[in-house]
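Engineer: Next input, structure requested:
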Amino acid sequence: MLYDIRQTTTYSYQVPVRVVRQVLRMAPVDRIGHQHVIAHMLDIEPEPAEIEHGIDFFGNGLAWLTIDQPHGKLAITTRSRVEVISTPLPDPATTALVDEVRAAALEQQDLGPDAAAHGLFPSRSVPLDADITDWTAASFRGDRPVLEGALELMHRIHDDFTYEPGATIVTTAPHEAFAAKAGVCQDFAQVMIAGLRGLGLPARYVSGYLRTIPPEGQPRLEGADATHAWAEVWCGPDLGWIGLDPTNAIPAGDDHIILAVGRDYADVAPVDGVIVTSGDHALAVGVDVIPVTR
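Structural biologist: As a prediction, the model looks like this:
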């Protein structure tokens with residue numbers, strides 16, 4: 001699949017902002033076996049006094065910027081053309097057993113960006129929680145194929161939780177969303193990650209986009225008009241990371257465009273940094289994901 005993606009992020013301030021120093025994670029990057037970025041453009045108003053581009057440890061595209069002129073609105077626009085390369089989901093019944101994956105994760109010596117170790121331990125936004133771990137364990141007998149259990153967990157979150165924008169905020173902890181059984185894609189992904197890690201199974205967070213035009217005859221996917229989030233579970237050294245979307249109860253595939261990966265939302269926040277002002281602000285985000293006919 002080939003997509004044209006446009007995202008607009010606008011901050012409107014009650015009191016003019018004097019200085020901004022921020023890091024943006026809004027540039028999709030090439031990921032072997034998943035996607036190829038053909039073009040990307042970043043436009044910022046007001047124009048930054050300084051801007052520097054780079055890649056973080058996990059391979060996510062970064063832009064560091066400084067704006068040193070007073071402004072009442074900050075508008076960030078990105079445009080990208082991305083080719084998504086989908087791979088068939090392996091037969092869940094043939095994947096490694098839960099106990100085998102748990103043992104293999106502890107034996108891995110790789111500490112590179114895709115290493116299982118980075119998804120194995122508690123992180124800033126995803127602490128372990130006994131209630132989530134106990135609830136998750138029902139899907140993961142030690143002698144069960146790991147992807148079978150992960151798919152069941154994905155469906156349980158989708159069926160037991162209510163997709164409810166406004167029920168949570170960006171800093172809501174997984175245990176709070178779990179107790180409420182409500183939230184948005186960020187919450188569902190982080191609950192899934194917390195449950196898997198509590199059982200010693202590596203899991204990581206993925207931010208990205210969903211296509212806004214569904215395939216003919218298919219229902220429109222929730223979250224399609226905004227950035228989206230899902231989880232990846234490590235299924236052993238042979239299969240590696242496999243993406244699962246508990247918000248929509250589907251594996252990550254043609255409809256999912258990866259923007260950034262990390263241990264949790266804190267690693268992939270699209271905009272992060274410091275502003276100098278004394279008032280409040282409003283945020284508006286718009287996303288268009290348009291399939292391109294070849």
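Engineer: what about the closest residue in space to A180 that isn't next to it in sequence, neighbour count?
Structural biologist: Ranked by C-beta to C-beta, 6 or more residues apart in numbering and with sequence neighbours excluded, the top spatial neighbour of A180 is A167, at 6.3 Å. No exception for glycine: its C-beta is placed from N, CA and C like everyone else's. Neighbourhood size, A167 [other C-beta atoms under 10 Å]: 17.
Engineer: My read is that A167 contacts A182, right?
Structural biologist: Yes. In this structure, A167 is within contact of A182 by C-beta atoms under 8 Å, at 4.2 Å.
Engineer: all strands for the stretch 51-200 of the chain, in order.
Structural biologist: Along the stretch 51-200 of the chain, counting by DSSP state E, counting those that start in this stretch, strands occupy 61-67, 71-84, 162-163, 182-183.
Engineer: Quick check: longest strand in the chain by residues?
Structural biologist: strand 2-17 (DSSP state E).
Engineer: and the gap between G112 and F58?
Structural biologist: The gap separating G112 from F58 is 10 Å, by C-beta to C-beta, to the nearest Å.
Engineer: higher neighbour count, the two?
Structural biologist: Neighbours per residue, other C-beta under 10 Å: of G112 and F58, the larger number sits with F58, 18 against 10.
Engineer: Quick one, grab the pLDDT at the more buried one.
Structural biologist: The confidence metric pLDDT takes the value 96 at F58.
Engineer: ditto for S123
Structural biologist: Looking at S123, its pLDDT is 96.
Engineer: do V268 as well
Structural biologist: Note for V268: predicted pLDDT of 96.
Engineer: and it, how many residues sit next to it?
Structural biologist: The tally of other residues near V268 (other C-beta under 10 Å) stands at 25.
Engineer: dump the residue contacts of the nearest residue to it once chain neighbours are set aside.
Structural biologist: Distance criterion C-beta to C-beta, 6+ apart; nearest residue to V268, sequence neighbours excluded, is A260 at 3.8 Å. Counting by C-beta atoms under 8 Å, 6 or more residues apart in numbering, A260 touches 25, 58, 60-61, 206-208, 267-268, 270.
Engineer: helix or strand right after the helix or strand in which A260 is found?
Structural biologist: Taking DSSP states H and E as the criterion, A260 maps to strand 256-262. Next along the chain after strand 256-262, taking DSSP H and E as the criterion, comes helix 265-268.
Engineer: Now do that next one: which elements does it pack against?
Structural biologist: Helix 265-268 sits against strand 203-210, strand 256-262, with contacts defined as 3 or more C-beta pairs under 8 Å, 6 or more residues apart in numbering; DSSP states H and E.
Engineer: State the mean pLDDT of the longest one.
Structural biologist: Yep, that's strand 203-210 we're talking about. 95.
Engineer: Past that strand, which element shows up next along the chain?
Structural biologist: Counting by DSSP H and E, the next helix or strand C-terminal to strand 203-210 is strand 227-234.
Engineer: what sits up against the next helix or strand along the chain from that next one?
Structural biologist: As assigned by DSSP H and E, the chain's next helix or strand after strand 227-234 is strand 241-245. Residues external to strand 241-245 that are found in contact with it (C-beta under 8 Å, 6+ apart): 89-90, 114, 147, 150-151, 154, 185, 192, 204, 206, 228, 230-235, 250-252, 256.
Engineer: can you pull out the helices in the stretch 51-200 of the chain?
Structural biologist: 98-107, 130-137, 146-160, 174-180, 185-198 (DSSP state H, counting those that start in this stretch).
Engineer: thought I157 was touching F188?
Structural biologist: Yes. Between I157 and F188 there is a contact under C-beta under 8 Å: 5.3 Å.
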